[in-house]
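Novice: just the structure for this:
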Amino acid sequence: MVAPPPMPLRNVLADHQSMPLVLDLKVTNKVSQNLHAELVLRLLGRERGRSGTVEGGLEVMRGWLSLADIRPDEYVFYDGSGLSRENLVTPHAVIKLLSYIARQPWGATYLDTLPVGGMDGSLVGRFNTASILGRVQAKTGALSHVNALSGYLTTQKGDRLAFSIIVNNHLLNSHKASETIDDIVTALVEH
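Specialist: Below is the predicted model of the structure:
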């Protein structure tokens, strides 16, 4: 019996090896890469849920948030980036999430994905005075008439605090709103 001829080799037109998820999360958080955040939500749905869709990812996320004792009445999410005007979350829920993350074995890895005040990412131009430099690791958020900053700070006494400041429906320009948030965070660090 003669073996059939081998199948012709396929021509590979393109090949891409994704970076490890933690490195992509670092890019996503450091520079507020919203497209990556949207894609991670869909990936979450595909890998851990029923479908690689926004709803599939949100379903998985709702289950995960319940592990952090965050109730469904504390948030409403429509996307992965936070750009939808219909997204809502209480600062208290964000604090519960940050506290939960800090207690996890992977918490330090997550912390490393956040911008550092005065040093990198979206906080490179903020918190750059000597008394606060490097003491704030937080994620920014901004839309028209919405400004937010949530993360961790280290006081001058060495205490580590989770914080979340979300300001919406204000009449300040975005720069002034961010300055006000920065003043609050600086007061927490220094006092």
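Novice: list the buried residues for stretch 169-183?
Specialist: For stretch 169-183, a neighbour-count test (16 or more other C-beta atoms under 10 Å) marks 177-178, 181-182 as buried. (Glycine included, C-beta is placed from N, CA and C.)
Novice: just the CA coordinates of it, formatted as PDB?
Specialist: What follows is stretch 169-183, C-alpha atoms only, in PDB (Å, rounded to 0.1, in the frame of the first residue of the first chain):
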ATOM      1  CA  ASN A 169     -21.900  66.800  37.300                       C
ATOM      2  CA  HIS A 170     -19.600  69.600  38.300                       C
ATOM      3  CA  LEU A 171     -19.100  73.000  36.700                       C
ATOM      4  CA  LEU A 172     -15.300  73.100  37.000                       C
ATOM      5  CA  ASN A 173     -13.100  72.700  34.100                       C
ATOM      6  CA  SER A 174     -11.300  69.300  34.100                       C
ATOM      7  CA  HIS A 175      -8.000  70.800  35.100                       C
ATOM      8  CA  LYS A 176      -9.500  72.500  38.200                       C
ATOM      9  CA  ALA A 177     -11.400  69.400  39.200                       C
ATOM     10  CA  SER A 178      -8.200  67.300  39.000                       C
ATOM     11  CA  GLU A 179      -6.400  70.000  41.000                       C
ATOM     12  CA  THR A 180      -9.100  69.800  43.700                       C
ATOM     13  CA  ILE A 181      -8.800  66.000  43.800                       C
ATOM     14  CA  ASP A 182      -5.000  66.200  44.100                       C
ATOM     15  CA  ASP A 183      -5.400  68.700  47.000                       C
END
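Novice: let me see the mean pLDDT of that stretch.
Specialist: Average pLDDT, stretch 169-183: 94.
Novice: tell me the contacts of the residue minimising distance to the centre of the chain?
Specialist: By C-alpha atoms, centre = their mean, the chain has its centre lying nearest to N29, at 5.1 Å. Counting by C-beta atoms under 8 Å, 6 or more residues apart in numbering, N29 touches 113-115, 121, 139.
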